[in-house]
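*Asks:* After the sequence you'll find the predicted model.
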Amino acid sequence: MNKIISWVMSPPTDGPKSTLLLRLMAGGVFFWEGLLKFVYANQGVGRFTKLGIPFPHFVATFIGGLEIVGGLLLLAGLATRLIAIPFVAEMIVAILSTKISLYLGTSPLPLPPAPPQVGFWAVLHEIRSEYAQILTVIFLMMNGPGEWSLDAALSRRRKLGVPELAPAGRPLDLAGAASR
């Protein structure tokens with residue numbers, strides 16, 4: 001269990017600085033999609049109700065909050081692997097809950113405005129966002145957030161031996177060790 005926690009909380013941070021571009025893409029999309037779930041009912045509660053998701057108010061609020069907070073975490077490059085895990089799961093659920101019925105022509109959601117509207121090609125066209133998001137967060141989970149991230153800054157700080165926090169009630173002395 002400790003190995004899993006260590007893997008999740010200590011991603012590699014020696015990747016290229018250009019990894020920032022992937023974080024900006026994925027984090028930005030998750031962030032604004034989370035906001036849209038609160039601003040437009042048809043993107044949150046209404047959509048989840050049409051899809052038959054149980055407890056649509058709770059789920060829409062939870063998913064919207066996850067996307068806002070998680071999007072900000074990806075943008076900052078903080079807890080990158082930790083937030084990538086629920087985002088992969090969310091994208092799988094999004095694909096399964098919307099694209100199977102689109103393939104079958106039974107979607108409760110509005111059909112795409114232009115052909116193809118149902119079937120295999122419609123699914124391939126409509127899945128593009130989820131496909132890009134899931135592959136991007138898997139990349140970030142495997143390769144880390146890159147050098148320009150808070151994960152990297154915290155990792156450098158730990159390697160230098162700078163304590164993150166002093167034990168409760170004990171101030172730090174100038175050398176960085178807890179005063180006795």
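*Replies:* Now that the structure is in, tell me what you want to look at. Numbers count the residues shown, from 1 in each chain.
*Asks:* quick one: S10 and K159 touch, right?
*Replies:* No. Using Cβ atoms under 8 Å, S10 makes no contact with K159, being 11.2 Å away. The C-beta positions use only the backbone N, C-alpha and C, and glycine is treated the same way.
*Asks:* Which residue ranges of this structure form helices?
*Replies:* Using DSSP state H, the helices of the chain run over 2-9, 19-39, 45-50, 56-76, 80-104, 120-126, 128-143, 150-159.
*Asks:* For the ones you listed, give me TSV that also has mean pLDDT, mean neighbour count and distance to P110.
*Replies:* Shown next, in TSV, are these (pLDDT from 0 to 100; neighbours: other Cβ atoms under 10 Å; distance: least, Cβ to Cβ, whole Å):
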stretch	mean pLDDT	mean neighbour count	distance to P110
helix 2-9	89	10	38
helix 19-39	97	18	16
helix 45-50	95	18	9
helix 56-76	97	18	17
helix 80-104	95	17	11
helix 120-126	94	15	11
helix 128-143	96	17	16
helix 150-159	88	16	39
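*Asks:* So for A114, which of the ones you listed sits nearest?
*Replies:* helix 120-126 (9.2 Å; Cβ to Cβ).
*Asks:* Output the closest one as PDB, restricted to C-alpha atoms.
*Replies:* Only the C-alpha atoms of helix 120-126 are listed here, as PDB (Å, rounded to 0.1, in the frame of the first residue of the first chain):
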ATOM      1  CA  PHE A 120     -20.200   4.100 -35.500                       C
ATOM      2  CA  TRP A 121     -19.100   7.300 -37.300                       C
ATOM      3  CA  ALA A 122     -21.200   9.600 -35.100                       C
ATOM      4  CA  VAL A 123     -19.600   8.000 -32.000                       C
ATOM      5  CA  LEU A 124     -16.100   8.500 -33.400                       C
ATOM      6  CA  HIS A 125     -16.900  12.100 -34.200                       C
ATOM      7  CA  GLU A 126     -18.500  12.900 -30.800                       C
END
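*Asks:* Determine the set of other helices and strands touching that helix.
*Replies:* With contacts defined as 3 or more Cβ pairs under 8 Å, 6 or more residues apart in numbering; DSSP states H and E, the packing partners of helix 120-126 are helix 80-104.
*Asks:* quick one: the helix it packs on to helix 128-143, angle?
*Replies:* Per axes from the mean of the first three to the mean of the last three Cα atoms, to 10 degrees, the angle that helix 80-104 makes with helix 128-143 is 150 degrees.
*Asks:* Check the offset of helix 80-104 from the chain's centre.
*Replies:* Helix 80-104 sits 11 Å away from the centroid of its parent chain (Cα atoms, centre = their mean, to the nearest Å).
*Asks:* cool, and stretch 60-74?
*Replies:* 7 Å.
*Asks:* ok, residues contacting it?
*Replies:* Stretch 60-74 is contacted by residues 23, 26-35, 37-38, 44-45, 47-48, 79-80, 82-84, 86-87, 90, 137, 140, 145 when judged by Cβ atoms under 8 Å, 6 or more residues apart in numbering.
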